[in-house]
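Student: Sequence and computational prediction follow.
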Amino acid sequence: MPRTFTRDLTFQSNDLGKETTIMLTFDADMKGLYEDFFPVVWMVSKFGKTGTYDLQATYTSQLAFSRPQVDDGGYKITEAAVSVKINVGEKTSLTESNDIYYFSTPQPGTPDVLQAVNNTGAIQDIALGFISQGDLVPQSVLCFSGVGDGRQATAQFTPVLRLYITSDYQENAIIRSAITPPAIWSQDLTGLAKSTTWTLKYDAASGHYTLVQSY
């Protein structure tokens, strides 16, 4: 079993110069993105024009599949009723009995991917997320919408986190199309130290934002 790691990230600003909303999501280029599956908004935070602001975010590499509850017209995950921890190279099956859903104990599957097979007899939404130690419910990062019976959700996931300047999304929203403008910051969390701090800056002359590592 691979060793689980955590990444503690702090995003901060000081007298930014413009009221700004930041959004975090895992939407790196992946085969099937916006066709077979969709990224989910992780965190949203508003930073003020003046003063000091910060956002604390902790990622844990323990992944999990879940059967999410989706509302708001299919655009937002509200909760995960049932889930199972899973590692890369493993496969699980979702079944249903008497209106209760179950994920099977993960078994060896295809190398380098995670798979969840829908064996419920009906179309289901399946989400991939991460789960922190002590938590019972995973944080969804990808949503496979409308997985048919007998079909599977297959993910080759690398935790590339991106930060966007946008106020168009709420936390846990399912992002149905590519975000514009592009992200101002992108990092593979596997390559970062356990704890890092990043400072958001705004250039009033150009209108550009930058995110620089403080420590």
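Tutor: Perfect, thanks for sending it.
Student: from here on, contacts and neighbour counts on C-alpha atoms
Tutor: Noted.
Student: Touching, Val84 and Phe103? I think so.
Tutor: Yes: at 6.2 Å, Val84 counts as touching Phe103 under the criterion of Cα atoms under 8 Å.
Student: residues near Gln133, how many?
Tutor: Gln133 has 10 neighbours, counted by other Cα atoms under 10 Å.
Student: Can we start the residue count at 81 from this point?
Tutor: In the new numbering, first residue 81, that becomes Gln213.
Student: Next, name the residue at the spatial heart of this protein.
Tutor: Residue closest to the average C-alpha location in the chain (Cα atoms, centre = their mean): Val221, at 2.3 Å.
Student: Please name every helix or strand in contact with whichever strand or helix holds it.
Tutor: Per DSSP states H and E, Val221 falls inside strand 219-227. Under the contact criterion of 3 or more Cα pairs under 8 Å, 6 or more residues apart in numbering; DSSP states H and E, strand 219-227 touches strand 118-119, strand 121-127, strand 204-210.
Student: same for the worst-scoring helix or strand of the chain on mean pLDDT, what does it pack against?
Tutor: Taking mean pLDDT, DSSP states H and E as the measure, strand 156-166 is the helix or strand of the chain with the lowest mean score, a mean of 90. Here strand 156-166 touches strand 143-151, strand 180-183, going by 3+ Cα pairs under 8 Å, 6+ apart.
Student: one step back: how about the helices and strands packed on strand 219-227 in TSV, adding mean pLDDT and distance to Lys111?
Tutor: Converted to TSV, the helices and strands packed on strand 219-227 look like this (pLDDT from 0 to 100; distance: least, Cα to Cα, whole Å):
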stretch	mean pLDDT	distance to Lys111
strand 118-119	97	11
strand 121-127	98	19
strand 204-210	97	15
